[in-house]
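A.B. asks: I need the structure of the sequence given here:
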Amino acid sequence: MRSVVIADAGPLIALSRIDALDLLRGLFGQVLVTEEVRDEALPAADYPGKALIAKAFEAGWLACPGPFETPWQPTNPGLDAGERSAIAAALKMPGCLLVINDRAGRAEAKSHHLAIIGTAAVIGLARLQGLIPAARPVLERLQPAGYFIHPRIIEAVLQGVGE
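C.D. replies: Alright, predicted model coming up:
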């Protein structure tokens, strides 16, 4: 297990929408986010799952330790503020794991040799660790909840966990 895990807002929102945010706590203990990610995950407007994220912050397993100042600039200017800040924070913490879904953000992180995992892989890992009995029903709840993950990714995860 990685000693430091940093998450972007996308996976937090996706998992909260399907009432599976606790999988992150079960897998990693504490998860860090930047101020930008916290603000993106807890906007003024309400959405399904937002209360779960707020409760995770209150419980302390989802934490925002403060600003991660860095002069680093992404090669892809299309990254949003949360993705940029999450990658910048990961670059400052060698050996950490970055939880990120966005394709451009993942490519940027990989170009810096950061260890990454996405929402579908988190669900697969939770299945392998025995936190959930099966990955398929959890993965199948994502799209109806408004969160699209390509079917090839879902099938790859299911193959990886033997489903």
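
A.B. asks: where does the residue nearest to Pro65 when sequence neighbours are not counted land on pLDDT?
C.D. replies: Distances taken as Cβ to Cβ, 6 or more residues apart in numbering place Leu32 nearest to Pro65, at 6.1 Å, with adjacent residues excluded. Every C-beta, even on glycine, is put in place using the N, C-alpha and C of the backbone. Note for Leu32: predicted pLDDT of 96.

A.B. asks: separation between Leu32 and Val161?
C.D. replies: 26 Å (Cβ to Cβ, to the nearest Å).

A.B. asks: ok, now Lys92?
C.D. replies: Taking Cβ to Cβ, one finds Lys92 at 32 Å from Val161.

A.B. asks: just the strands in this protein please.
C.D. replies: Secondary structure of the chain (DSSP state E): strands located at 5-7, 31-32, 62-63, 97-99, 115-117.

A.B. asks: format those as CSV; extra columns: distance to Asp46 and mean neighbour count.
C.D. replies: Shown next, in CSV, are the strands of the chain (distance: least, Cβ to Cβ, whole Å; neighbours: other Cβ atoms under 10 Å):
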stretch, distance to Asp46, mean neighbour count
strand 5-7, 21, 25
strand 31-32, 22, 20
strand 62-63, 18, 19
strand 97-99, 23, 25
strand 115-117, 28, 18
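
A.B. asks: any chance of TSV for those, columns distance to Pro77?
C.D. replies: Formatted as TSV, those follow (distance: least, Cβ to Cβ, whole Å):
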stretch	distance to Pro77
strand 5-7	21
strand 31-32	25
strand 62-63	28
strand 97-99	19
strand 115-117	20
